[in-house]
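Undergrad: could you work out the structure for the sequence below:
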Amino acid sequence: MELYHVLNRGVDKRRIFLDERDHFRFVHDLFEFNNVKNIETTFHTFQKLKESFDIGFNKFREPRELLVDIHTFCLMPNHYHLLLSEKIENGISKFMKKLNMGYARYFNEKNKRTGALFQGGYKAVPIREQSHFIHIPYYIHLNPLDLHSPEWREGKIANPSKAINFLENYRWSSFLDYIGKKNFPSVTSRKFLLECLGGTDGFRDKVIEWIKQSNLEGIKDVALEKFDENFHLS
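TA: Numbers count the residues shown, from 1 in each chain. As a prediction, this is how the structure comes out:
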């Protein structure tokens with residue numbers, strides 16, 4: 001299995017998630033478009049829900065044939081991160097085409113705009129080095145700290161407990177499901193990484209340790225800073 005760090009951001013660094021509905025829609029699309037079959041969106045069936053729920057629950061839903069395994073995800077105001085592996089040949093390219101086109105169509109219709117939403121094609125970086133594999137799940141899940149404690153990137157987090165508390169209240173990533181708190185469990189395939197990272201309790205402990213160290217040296221070749229120093233929200 002080969003893992004890919006997949007990321008994209010808004011054109012001209014614009015925000016691509018403006019409100020809660022946009023976040024729900026993109027998470028919905030992560031689930032719905034991860035299917036070999038072309039399907040009609042079912043977003044209208046749950047867009048008003050506010051509490052934690054299983055976004056994939058529908059007793060009348062046909063079983064999906066997955067294009068990819070979504071191991072982790074994180075949504076930021078002007079970009080997103082995914083950690084994917086392919087289930088079928090060219091699964092990532094097929095999935096990303098459906099995902100980006102579907103969300104951009106929704107966003108433009110909602111906001112009465114035209115034109116490109118994303119800055120060119122997505123980037124897909126293969127995770128081939130052991131050092132990259134060790135760090136990438138933490139790096140992706142810690143990105144929301146840019147909104148709370150941007151100094152984490154320099155290893156200057158003074159209070160790791162407050163940082164963890166912020167992450168536990170940030171819904172728009174797979175972090176909560178990885179620490180055993182149901183959020184969007186149907187979206188991600190967590191078994192592989194949890195077996196590697198010590199289960200839900202072990203993962204939370206390792207995140208705390210990673211925050212204390214906050215050393216991006218081991219991951220800079222696959223982190224988004226390689227592509228653009230201003231890619232993340234600062």
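Undergrad: only C-alpha atoms from now on, for both contacts and neighbour counts.
TA: Will do.
Undergrad: which phi and psi values does residue 117 adopt?
TA: Note on residue 117: its backbone torsions stand at phi -100, psi -40 [degrees, to the nearest 10].
Undergrad: in contact with it, which residues?
TA: By Cα atoms under 8 Å, 6 or more residues apart in numbering, the contact set of residue 117 is 10-11, 16, 104, 108.
Undergrad: can you tell me the SS state at the residue most central in space within the chain?
TA: Taking Cα atoms, centre = their mean, the centroid of the chain lies closest to residue 73, which sits 1.8 Å from it. Taken by DSSP: H, G, I helix; E, B strand; the rest coil, the conformation at residue 73 corresponds to strand.
Undergrad: closest to residue 119 out of the contacts of residue 117?
TA: residue 11 (4.0 Å; Cα to Cα).
Undergrad: from residue 113, how far off is that closest one?
TA: 13 Å (Cα to Cα, to the nearest Å).
Undergrad: just residue 210 next, same as before
TA: 41 Å.
Undergrad: so which bits of the helix ranked longest in the chain are buried?
TA: The longest helix of the chain (DSSP state H) is helix 91-111. Using 16 or more other Cα atoms under 10 Å as the test for burial, helix 91-111 gives 91-92, 94-96, 98-100, 102-104, 107.
Undergrad: any idea how far residue 201 is from the residue nearest to the centre of the chain?
TA: Counting by Cα to Cα, the gap between residue 73 and residue 201 amounts to 19 Å.
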